[in-house]
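> build the 3D model from these lines:
(chains A and B)
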Amino acid sequence: MGTVSEARGGPKLLDREGFLAVAMLMPAVLYIVFLVGIPFVMAVLFSFSDVSVGSPTIDRFTLETFNDVINDPVFRRSLQNSFVFTLFAQGLVLILATVLAILLNRNFRGKWIVRLLILLPWATPIAIGAINWLWLLDSVYSPLTWILREVGLIGAGALLGPRNVIWLGQETLAMASIIAIHVWRMLPLSTVIILAGLSSIPQDIQDAVQVDGASFLRGWFQVTLPLIRPILMVAMLFGIIFSFTDMTVVHVLTRGNPNNTTQVLASWAFYTGIEGGSLAKGAATAIFLMPVLLGVAILMLRVARRTEVR
Amino acid sequence: MAVVEIRQLYKAFGEVNAVNDVNLTIQEGEFLVLLGPSGSGKTSLLRMIAGLEKPTGGEIRIGGVVVNELPPRARKIAMVFQSYALYPHMTVYNNIAFPLRSVGMDRINIQTRVERAAKMFNIYHLLQRKPRQLSGGERQRVALARAVVREPDVFLLDEPLSNLDAKLRALARDELKQFQRQIGVTTVYVTHDQVEAMGMGDRVVVMNYGRVQQIGTPQALYRAPANTFVATFLGSPPMNLVEQDNCIIGFHPEHFLPKGIDQHMQSPITIPFEVTRVEYLGSERFLYGYVQGVGERTRVVSNIPSLVQLAIEAGRTYDFVADLHDLSYFDKMSGDRIAPVRLQIAQAAGV
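Numbering: from 1, shown residues only, chains lettered A, B, ... in the order given. Down below sits the predicted model:
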């Protein structure tokens, strides 16, 4: 009996809400402060200075770094590419993911294997995936080129001319390849998110659309789409953040080449700041990601709030 | 308005026959109720009439046309769902207008029809609200308005009252029935609630395990159930069943009364009744207990109207009577209704 009354005696530390709240929040707060907050403040400070790997102390504050960065044609190209990359990739992902989700939401034979195949790119480490793509898009050994040659699109007098396609060596093709691979990589997650949205629409509502005599397109645009809009927004905003800040595909495939025409902000910041050793310039470049990310973050919070109010 | 004919209809989900050889003709303007427990196939049957489910075999005709291969929109039907299935992002007006827009009706015609339907169901003041701002009863009326606005040939209702509270349900039942009489459209109504079925149906189809157990007017089903399933599914409390030799004898609780108030009975038989519990429900009294004289000792219920003031206590045995004409007889093996048999009643000692 003694032990029982002891165990029941006095409120325990973990029973106190004040303590529990602090204890639960602390890991997240520490993580944000040390791994996001401090680097962010440092980046802002660096961008107004002239620090480099060689002289890492801030001696003076200056706007010159920004001036240099903005006047750099590679930076301008990177900024433009970041938007092109994000817009095209996200647009394609949304359309393809929606179509896929609609198909996967239906019942057909072998559905599970199609689902598995579509999820595979997400489960593959991006480095392995991208190396595969390097091979697929190789200028000499590319199986794609081989296929094009076999079906008669490449060859003497053929549509694409007699020579191999240099997938990653030509400006437009390289950018298109990068976008295509990013789409391949992002598609599974968006599909799954939209699929979750579609399957959350009650069967009764889907039946009602049919009984009310709506065509597929009317049902889709007037009922299904409005009902999955919040979840579609989430998928899109996540996608924008992933795409706008991503440098993996560029880094593995082209390292920004040919001639820095496929650089994006994230890769250019990395190459100038870390590889080039100019911390200030790298930080200043990265700061340009901020307005877009901030905008997206605000939109996301609003979407979250709206779903909460519902 | 149309006649709905169902011929040898089957629906299999894998190995299970959800609907098994159903034959049924629903007359023009009739209010037909499909009644059965969950899993009896009544909803599958309704969904096949609607075109939301494809039959595995058999034929469905609406207005003389075989509709098996037609999509729901080509069948001139309207359906009200258990959850009402209102479009949550649309106003009430747009919800009701949706089926009209789907058939490409012009704006002015749509407005006239929506407003007429809204007035009919007394929801005109709610037209600009969203479904989430409505009460359960209001939602149900919006769903009905959306269903009738297209002036369908057949009206299908899938447990439309089950989400309402008991008080509202009684009112809605009355309104729904009146409205159906008023527009006279052929109606198929699915429910598991026998009170709804008895109260609303011109005819009731009792289903179990995908098969039709009995079709008939509520009175016919109640007076002469075709088998023990129907007998025990209808009525609250349901028919008492007592086994005797190879036969089962059934009698309704309200036909099993204390001796002395049996003047109206043509050929009363006396059965000793050991009362174990008395339940007062205001308008009536339920007596629970055992009968011993007929076959084995069996638990039965008696329902006495409150007009009968006779004092009855739990723990004592009384003489009760039932009219021979009110008894039903069923085969012990199949459970099917059979012709009356000779009763053997042993009088308990000391009564």
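
> what number of residues lie near the spatially closest residue to B:N122 that is not a sequence neighbour?
Closest residue to B:N122 apart from its sequence neighbours, by C-beta to C-beta, 6 or more residues apart in numbering or on different chains: B:R141 at 6.9 Å. All C-beta spots, glycine's among them, are computed from the backbone N, C-alpha and C. B:R141 has 25 neighbours, counted by other C-beta atoms under 10 Å in any protein chain shown.

> element containing B:R141?
Element membership for B:R141 (DSSP states H and E) is helix B:136-148.

> any idea how chain B splits into domains?
Using automatic domain parsing, the domain parsing of chain B gives B:4-223, B:237-331.

> could you give the average pLDDT over the host helix or strand of A:L45?
Assessed by DSSP H and E, A:L45 sits inside helix A:38-47. Averaged over helix A:38-47, pLDDT sits at 85.

> shaky segments in the chain?
Using chain A. For chain A, applying pLDDT under 70 flags the ranges A:1-11, A:53, A:155-156, A:158-164, A:307-310.

> meant chain B, my bad for not saying
Ranges of chain B meeting pLDDT under 70: B:1, B:346-351.

> can you tell me which residues in chain B are near chain A?
B:47, B:50-52, B:71-73, B:77-79, B:81-85, B:87-89, B:98-99, B:101-103, B:132, B:146, B:150 (C-beta under 8 Å from any C-beta of the partner chain).

> just the CA coordinates of stretch B:46-57, formatted as PDB?
Extracted C-alpha coordinates of stretch B:46-57, given in PDB (Å, rounded to 0.1, in the frame of the first residue of the first chain):
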ATOM      1  CA  LEU B  46     -31.700   0.700 -55.300                       C
ATOM      2  CA  ARG B  47     -28.200   1.500 -56.600                       C
ATOM      3  CA  MET B  48     -28.800  -0.800 -59.600                       C
ATOM      4  CA  ILE B  49     -32.100   0.900 -60.400                       C
ATOM      5  CA  ALA B  50     -30.200   4.200 -60.200                       C
ATOM      6  CA  GLY B  51     -27.500   3.000 -62.500                       C
ATOM      7  CA  LEU B  52     -24.700   3.400 -59.900                       C
ATOM      8  CA  GLU B  53     -24.100  -0.300 -59.800                       C
ATOM      9  CA  LYS B  54     -24.200  -2.800 -62.700                       C
ATOM     10  CA  PRO B  55     -26.300  -5.900 -62.300                       C
ATOM     11  CA  THR B  56     -24.400  -9.200 -62.700                       C
ATOM     12  CA  GLY B  57     -27.500 -10.600 -64.400                       C
END
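
> how about it, which residues are buried there?
B:46-53, B:55 (16 or more other C-beta atoms under 10 Å in any protein chain shown).

> what does it rub up against?
A:207, A:210-211, B:4, B:6, B:8-12, B:19, B:34, B:44, B:60, B:62, B:67-68, B:70-72, B:74-75, B:77, B:79, B:154, B:156, B:158, B:188, B:190 (C-beta atoms under 8 Å, 6 or more residues apart in numbering or on different chains).

> swap in 6 Å and give it another go.
Contacting residues not belonging to stretch B:46-57 are listed as A:207, B:9-12, B:71-72, B:75, B:77, B:79, B:156, B:158, B:190 [C-beta atoms under 6 Å, 6 or more residues apart in numbering or on different chains].

> next: stretch A:104-121.
Residues from elsewhere that reach stretch A:104-121 (C-beta under 6 Å, 6+ apart): A:184-185, A:188, A:195, A:198.

> could you do stretch A:174-183 as well?
By C-beta under 6 Å, 6+ apart, the list of residues contacting stretch A:174-183 reads A:88-89, A:92-93, A:133, A:137, A:167-168, A:249-250, A:253-254, A:262.

> again, only using 8 Å
By C-beta under 8 Å, 6+ apart, the surrounding residues in contact with stretch A:174-183 are A:81, A:84-85, A:88-89, A:92-93, A:96, A:129-130, A:133, A:137, A:167-168, A:243, A:246, A:249-250, A:253-254, A:257-258, A:261-262.

> and stretch B:213-222, by the same measure?
Contact partners of stretch B:213-222, identified using C-beta under 8 Å, 6+ apart, comprise B:24, B:36, B:197-199, B:201-207, B:225-227, B:229-230, B:234-235, B:252.

> try 7 Å this time
Here stretch B:213-222 makes contact (C-beta atoms under 7 Å, 6 or more residues apart in numbering or on different chains) with B:198, B:201, B:203-207, B:225-227, B:229-230, B:234-235.
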